[in-house]
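>>> Kindly return the folded structure for what I paste below:
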Amino acid sequence: MLNLWSQVGRVGCSCRCPSCLTTKHKLVRRVSTAIATVRTRPKTSSTFLYSAIFAAATVTDGYFKRQRRARWDDAISKAHAQLETSQRAIQDYQDHLLEKSDASSREIQDYPDHLLEKSYAPSREEDFLKKSDESSREEDLLKESDESSRAQEVNAEKREDVAHPGGPHGHFMDFENVIRYAPKPGAPIPPYLPTTEPLYYPSPWGAEYSAPQSLWSGEYQRMKAYARIWTKKKISKAELASARLAVEMIMAIELESISRINLGILPQAVREIAYLSRAEQNQLLADLKVDLEATNTLEPWEGRRGATAGMTVPQYEQREDKSHYPIVEELNESILGLLRAYKTQEIGFVALVIKIVHNLLVSSAPPDLQTVNLLLLGFHGPGDLIHTRSQITGAVIHFCFTVRVRPNEVTCSAILACYIDQNKPTEFANFIGLMRAADGTRGLMLAKPDIKITEASQGRLVQHDQLKRKVFQGVSPSSLVFWQVIRGVLKFSGLQNAIEICKNFGKLAWGLDRLCLFELLRQCVKEEDWESGRWVWDQVEIFNQRHHKGLASIVGMMLALCLKCNERHMFDKIFSNALHHKYNIKAGEVSPADLTDLAEAALWRIEHDRQIEGDGDTTAGEMNQAEEGVEEPLISEDTTAGEMNQAEEGVEEPLISGDTTAGEMNQAEDGVEEPLISGAPEMDAARQFLGMEVKPSSTEDFKDSLPIEFNDRGSDLPESPAWSEDIWNEDNPREDDSEQPKQSRIDSTKDQTDETK
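Model prediction:
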């Protein structure tokens, strides 16, 4: 309508024909100009047609926009729902972890992370690693839903990991101290652990003749080892073995369930492995195995002839100017920092593994002995994800064997502890054979080919049965390693075989320390084996001649063995010697009450251990005793706490008065003597044995009066309930050996093994 009226206003009518158009008279010079002027006036308007087209296009476009917007809204809502679900699951699992474990109060120390910053995208990658870590833990929880396996894990968490028993052994078996005691020039030497061996420790000829990688090696040996570099052949083995270790660690954490989009934010070195399927990863391991076997035919000066594996194999080098050592130290410091962060729950397990793998692959220097020790101690121990960590420790051990890294005391102890806790008796026995080169064809280390084997060194140096140019070098005696050997033999073979092992190793200068003596005595008490216990006590007497501290718990355990086995004469002898300060149990006067407290604590400890261990941890000796007859429990099930723990009214008489002599203590009561163990608690029998009046006592009050280590099995070497043992502050650990002449150097073992192997 607007167009129509605008036409009317301009031409004077509504008709649009040329005859009705009014023409303005004007002067023109040409007719054609006038005609053109008339014809150029608008005939009609096309605005309506264009408006209709535009309106139709707008309606159509709006329809498609609404559909597209609806699809986007639907996709976003689904993504939000999935995100909320996963966040809720992660939060629930974190709450479960907080309830399950105690929060660590120790603040994490600053650690170098330069290697991680080379190819990481922190903002996106940390989110992915956190999510993938939580999903991996949820899957592990689902896999362990079986009630029987869950019950076993609960019992395992209640028990202390005896591979890390605390005290000196726990100090050395802590990954925090691996770098501190690294066997390099200028590093501190840890204090010696006193043993029953009277010769110089850890080497019979002194520290300057120890292996250079030993914790107690001399400065001269460390300087010589520090100046050596690996051959190209050994570096080639290290490159391929590190690649295989990386693949096995990635396979252990199972990243197959994570989408390729999320895997794409991983570092390039790790992403190559994570992208592969499980079949492709297995094929990659097979290719690396072929490449490793090919390096055996190389000469020491030849390099690797190229790998067929479909991954980027690390490229390592060692330089004559020793410039590679700072790189290795940086690698170890980074791994130590990651283990600390995982211990304080700042990073998850998946993030820990991925970052360690990345560091191993991008480093330009090969891993060394400290790297192996960090990985073994960091992934071994109590906690969750036991199966995954066992796979990783097995891969690290395989790496150590392949590269032939010269192990020290910590390495051997950690490997033995892994085999014990993973219940692998065959591997345990084979590794002990490797430590001693027992079969004459295999060993952990090689000595110089021209070394002379003498009578004094024949237990430590073994000639190859077929190759005269090969001489194997055994592991030097160490109480750290000996403790794990004894622990494994006790678990897999029983007490009798453990005693035989101690006797055989003793001929090769392997000595027993406090922890070994205490554990052997405790096993004797559990099995009531007097003959074995008497042999162990003879070793305690030898130990006491050289070291006069820290025997309180051992004396208490021996008193408990005497009560268990009804050995009154021995009980009286030990009791009297302890009162006369022969064992130097504590500073000051030792009262009879102190000794009875030690015996009571030992007996309660045995019963407490049996309740925790249960039938699943029954040793071979206990099973043999079970075949002969059913042993009555120390505390019967029908006995209530009130019946056992009520005390008589009035002043309780002391167990043994201060004026009691040894002869008075040894007199038996008139009449028929009752057996020491006949359903009554052992200490009642002990009071009868000492000729004293039997006083009912309160076991609950007794347990409450014990120190923490007795109530919660805090250590395999418990402290005395009245004092503590400081076994580190040994003024002169060899004070009784001062008059012994130092043995002369017999063979040329001062020069260490050929690193080329």
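>>> where does Arg88 land on pLDDT?
Note on Arg88: pLDDT of 71.
>>> who touches it in this structure?
Arg88 makes no contacts at all, as judged by Cβ atoms under 8 Å, 6 or more residues apart in numbering. From N, CA and C alone the C-beta is placed, and that goes for glycine too.
>>> What is the strand or helix carrying His569 packed up against?
Assigned by DSSP states H and E, His569 falls within helix 568-579. Counting contacts by 3 or more Cβ pairs under 8 Å, 6 or more residues apart in numbering; DSSP states H and E, helix 568-579 packs against helix 552-565, helix 592-613, helix 662-666.
>>> If you count neighbours, what's buried in the second one?
This means helix 592-613. 592, 594-610, 613 (16 or more other Cβ atoms under 10 Å).
>>> And for stretch 392-405?
Of all the residues in stretch 392-405, those buried under the rule 16+ other Cβ under 10 Å are Ile392, Thr393, Gly394, Ala395, Val396, Ile397, Phe399, Cys400, Thr402, Val403, Arg404, Val405.
>>> Can you say which two of those are spatially most distant?
The most widely separated members of the buried residues of stretch 392-405, counting by Cβ to Cβ, are Ile392 and Arg404 (20.3 Å).
>>> Is it correct that Leu285 is in contact with Arg244?
Yes. Between Leu285 and Arg244 there is a contact under Cβ atoms under 8 Å: 6.3 Å.
>>> out of the two, which sits in the busier spot?
Using other Cβ atoms under 10 Å as the criterion, Leu285 and Arg244 rank with Arg244 on top: 23 against 16.
>>> In space, what's closest to that one - neighbours in sequence excluded?
Nearest residue to Arg244, sequence neighbours excluded (Cβ to Cβ, 6 or more residues apart in numbering): Leu288, at 4.6 Å.
>>> where does that neighbour fall, helix, sheet strand or coil?
When classified by DSSP: H, G, I helix; E, B strand; the rest coil, Leu288 comes out as helix.
>>> how many neighbours does it have?
A count of nearby residues for Leu288, using other Cβ under 10 Å, gives 25.
>>> Same question for the one 5 residues further on.
For Glu293, the count of nearby residues is 10 (other Cβ under 10 Å).
>>> Look up phi and psi at it.
Per-residue torsions, Glu293: phi -70, psi -30 (degrees, to the nearest 10).
>>> Please tell me the pLDDT value assigned to it.
Reading off the model, Glu293 has pLDDT 89.
>>> For it, list the residues it contacts.
Applying Cβ under 8 Å, 6+ apart, no residues contact Glu293.
>>> mind checking how far it is from Asn430?
As judged by Cβ to Cβ, to the nearest Å, Glu293 and Asn430 stand 21 Å apart.
>>> Same check on Lys289?
Counting by Cβ to Cβ - Lys289 and Asn430 are separated by 20 Å.
>>> Same check on Ser236?
Noted for Ser236: a distance of 26 Å to Asn430, by Cβ to Cβ.
>>> Same drill for these two, tell me which one is more crowded.
Neighbours were counted for Ser236 and for Asn430 using other Cβ under 10 Å; Ser236 has more, 23 against 15.
>>> surely the more buried one meets Thr295?
Yes. Counting by Cβ under 8 Å, Ser236 does reach Thr295; the two are 5.0 Å apart.
>>> Let me have the helices and strands packed on helix 568-579 in TSV, adding mean pLDDT as columns.
Conversion of these to TSV gives the following (pLDDT from 0 to 100):
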stretch	mean pLDDT
helix 552-565	90
helix 592-613	83
helix 662-666	39
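>>> the strands in the stretch 301-450 of the chain, which residues?
445-446 (DSSP state E, counting those that start in this stretch).
>>> so where's this protein uncertain?
1-46, 86, 89-166, 199-208, 304-309, 382, 455-459, 586-588, 613-757 (pLDDT under 70).
>>> domain parsing for it?
Under the assignment automatic domain parsing, the domains of the chain span 2-39, 54-97, 130-144+170-213+226-479, 513-547+550-711.
>>> how many neighbours does Leu376 have?
Neighbours of Leu376 under the rule other Cβ under 10 Å: 25.
>>> Equivalent analysis for Ala429, please.
16.
>>> ok, for it, nearest residue in space, not its chain neighbours?
Using Cβ to Cβ, 6+ apart and skipping residues adjacent in sequence, the residue nearest Ala429 is Phe492, 7.9 Å away.
>>> How about Leu520?
Spatially, and ignoring its direct neighbours in sequence, Leu520 is nearest to Val536 (4.7 Å; Cβ to Cβ, 6+ apart).
>>> ok, that neighbour - contacts?
Taking Cβ under 8 Å, 6+ apart, we find Val536 in contact with Ile499, Leu517, Leu520, Leu521, Cys524.
>>> likewise Leu336?
The contact partners of Leu336, taken as Cβ under 8 Å, 6+ apart, are Tyr111, Phe175, Glu176, Val178, Ile179, Leu374.
>>> ok, now Lys289?
Taking Cβ under 8 Å, 6+ apart, we find Lys289 in contact with Arg244.
>>> and the gap between it and Tyr220?
Going from Lys289 to Tyr220 by Cβ to Cβ gives 40 Å.
>>> All the strands of this structure, residue numbers only.
445-446, 461-463, 471-473 (DSSP state E).
>>> Nearest to Gln318, out of these?
Nearest to Gln318, of the strands of the chain and by Cβ to Cβ, is strand 445-446 at 19.2 Å.
>>> The closest one pairs with which strands?
strand 471-473 (antiparallel) (DSSP bridges).
>>> neighbouring contacts of the strand it pairs with?
Residues outside strand 471-473 that contact it (Cβ under 8 Å, 6+ apart) are 211, 437, 440, 442-449, 451, 453, 460-464, 749, 753.
>>> Give me the buried subset of those.
For these, a neighbour count by 16+ other Cβ under 10 Å gives the buried set as 211, 437, 443-448, 451, 453, 460-464, 749, 753.
>>> How many neighbouring residues does the residue nearest to Asp439 when sequence neighbours are not counted have?
Leaving aside its chain neighbours, Asp439 sits nearest to Gly433 (6.2 Å; criterion: Cβ to Cβ, 6+ apart). Counted with other Cβ under 10 Å, the neighbours of Gly433 add up to 13.
>>> And Gly433, how close does it get to Ser413?
Applying Cβ to Cβ to Gly433 and Ser413 gives a distance of 17 Å.
>>> do Arg406 as well
Arg406 is 15 Å from Ser413, where distance means Cβ to Cβ.
>>> Counting neighbours around each, name which of the two comes out higher.
Neighbour count, other Cβ under 10 Å: between Arg406 and Ser413, Ser413 has more, with 26 against 23.
>>> how close does the more buried one get to His169?
For Ser413, the distance to His169 equals 8 Å [Cβ to Cβ].
>>> which neighbours do the two share?
Common neighbours of Ser413 and His169, using Cβ under 8 Å, 6+ apart, are Leu480, Trp483.
>>> surely the residue nearest to Ala429 meets Phe428?
Yes. Under the criterion of Cβ under 8 Å, Phe492 makes contact with Phe428 at 6.6 Å.
>>> More neighbours: which of the two?
Using other Cβ under 10 Å, the more surrounded residue of Phe492 and Phe428 is Phe428, with 24 against 19.
>>> Please name the spatially closest residue to the more buried one (chain neighbours excluded).
Tyr419 (4.1 Å).
>>> Ok, Cys418 next?
Thr393 (4.9 Å).
>>> ditto for Met311
Closest to Met311 by Cβ to Cβ, 6+ apart is Glu272, at 5.0 Å.
>>> ok, the one you found to Glu329 distance?
As for Glu272, its distance to Glu329 is 27 Å (criterion: Cβ to Cβ).
>>> For Ser277, give its distance to Arg460.
Distance from Ser277 to Arg460, by Cβ to Cβ: 49 Å.
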